[in-house]
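*Asks:* below: sequence and its predicted model.
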Amino acid sequence: KQEVTQIPAALSVPEGENLVLNCSFTDSAIYNLQWFRQDPGKGLTSLLLIQSSQREQTSGRLNASLDKSSGRSTLYIAASQPGDSATYLCAVSSTGGFKTIFGAGTRLFVKA
Amino acid sequence: GAVVSQHPSRVICKSGTSVKIECRSLDFQATTMFWYRQFPKKSLMLMATSNEGSKATYEQGVEKDKFLINHASLTLSTLTVTSAHPEDSSFYICSARTRLAGGYNEQFFGPGTRLTVL
C-alpha cells in the first residue's frame, strides 16, 4: 500500500529565502507525482507534474525533482515571497489504477 | 486546458437529509473520476474510484451505502451523501482522469464542495 510522507509538516521562513520541501513514498511503481498548492478553505492548484520517466520539472521559481528509485521528490522554491504562504501537497499516482495518494502536506508561512 | 467543475461549491443541510454533489469535466471526456474527502487541516483521503457505466470501487473504511457514487456519463459523476450527519461535514473534491496528447494520463481536480451538516 502506497504511503506518502511530507517533511516538514510546517515551515516558517523570512521573505527571500530559498527553501526545499520534501516528499517520500514507499512504492516506487508510480505513474507520476504531482505537487499542489492549497490556500485555506480553497481547492487545489496544480504546480508541477512529473511523469515517472522524468527527473524534474520547472515552472518559474519552482523546481520539482523526482528520484523514483529512492522514493523521493523535492519541491524547491526560490526567493520565497509572502504570497507563497499556503499548504503544499505532494500526490503520487500509481500505475494501473491511477489511484492518487496524497501526503499530509507542508504548511508554509513566508514572513514579510 | 482541462477544467473540472463541481456543484454546489458550498452546501449546508440538516441532519438526516441527503445531499448530491456533481462533478463535471467541461472540455474533455473522463475515463475515470475520483472522489476525495478532506477533514480540516488534514490531507485528502481517496474515497472511491468510478468508471463510466460501472460500479464505483470504494476504499477501505468508506461506506458505499452512505456515499453513493453514480458515473452516468464520461463527463459527469455524482456523489450523494445519504442521511447526512454532522460528522459528514467536510470538504469533498473530485478529480477526472483523461489521456493527453502524447499518451500520458493526467488527473484534473475540481474546486471542491464544502458540506456542513447541522
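*Replies:* Now that the structure is in, tell me what you want to look at.

*Asks:* quick check: beta-bridge partners of the residue nearest to residue A:56 when sequence neighbours are not counted?
*Replies:* With sequence-adjacent residues excluded and distances taken as C-beta to C-beta, 6 or more residues apart in numbering or on different chains, residue A:56 is closest to residue A:65, at 4.4 Å. Glycine gets a C-beta too; all of them are placed from N, C-alpha and C. With DSSP bridges as the criterion, residue A:65 is bridged to residue A:56, residue A:74.

*Asks:* mind jotting down where the strands sit in chain B?
*Replies:* If DSSP state E is used as the criterion, the strands of chain B fall at B:4-7, B:10-13, B:19-25, B:32-38, B:44-51, B:57-58, B:67-73, B:76-81, B:90-99, B:105-109, B:113-117.

*Asks:* name the residues of the longest one that are buried.
*Replies:* What it means is strand B:90-99. For strand B:90-99, the buried set under the neighbour-count rule, 16 or more other C-beta atoms under 10 Å in any protein chain shown, comprises B:90-98.

*Asks:* and residue A:10, how many neighbours?
*Replies:* By other C-beta atoms under 10 Å in any protein chain shown, the residues close to residue A:10 number 10.

*Asks:* quick one: it and residue A:106 touch, right?
*Replies:* Yes. The pair residue A:10 / residue A:106 is scored as a contact, 6.8 Å apart, by C-beta atoms under 8 Å.

*Asks:* pLDDT averaged over stretch A:83-96 - what is it?
*Replies:* Stretch A:83-96 comes out with an average pLDDT of 92.

*Asks:* so is it next to chain B?
*Replies:* Yes. Counting by C-beta under 8 Å from any C-beta of the partner chain, chain B is contacted by stretch A:83-96 at A:89, A:91, A:93.

*Asks:* okay, those residues in TSV with secondary structure, neighbour count and distance to residue A:42 next?
*Replies:* Listed next are the residues of stretch A:83-96 next to chain B as TSV, based on DSSP: H, G, I helix; E, B strand; the rest coil; neighbours: other C-beta atoms under 10 Å in any protein chain shown; distance: C-beta to C-beta, whole Å:
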residue	secondary structure	neighbour count	distance to residue A:42
A:89	strand	25	12
A:91	strand	25	16
A:93	strand	24	22
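
*Asks:* give the contact list for the residue in chain A positioned nearest to chain B.
*Replies:* Relative to chain B, the nearest point of chain A is residue A:43 (4.0 Å; C-beta to the nearest C-beta). Contacts for residue A:43 (C-beta atoms under 8 Å, 6 or more residues apart in numbering or on different chains) come out as B:93, B:109-112.

*Asks:* cool, and residue B:13?
*Replies:* B:19, B:84, B:115-118.

*Asks:* near chain A too, which of those residues?
*Replies:* Okay, of the contacts of residue B:13, nothing touches chain A (C-beta under 8 Å from any C-beta).

*Asks:* now, which of these sits nearest chain A?
*Replies:* For the contacts of residue B:13, the nearest to chain A is residue B:116 (12.2 Å; C-beta to the nearest C-beta).

*Asks:* need the contact list for residue 16.
*Replies:* Going with chain A. A:79-80.

*Asks:* that answer is for a different chain, and I need it for chain B
*Replies:* B:83-85.

*Asks:* find the residue closest to residue B:70 in space, skipping its chain neighbours.
*Replies:* Closest to residue B:70 by C-beta to C-beta, 6+ apart is residue B:78, at 4.9 Å.
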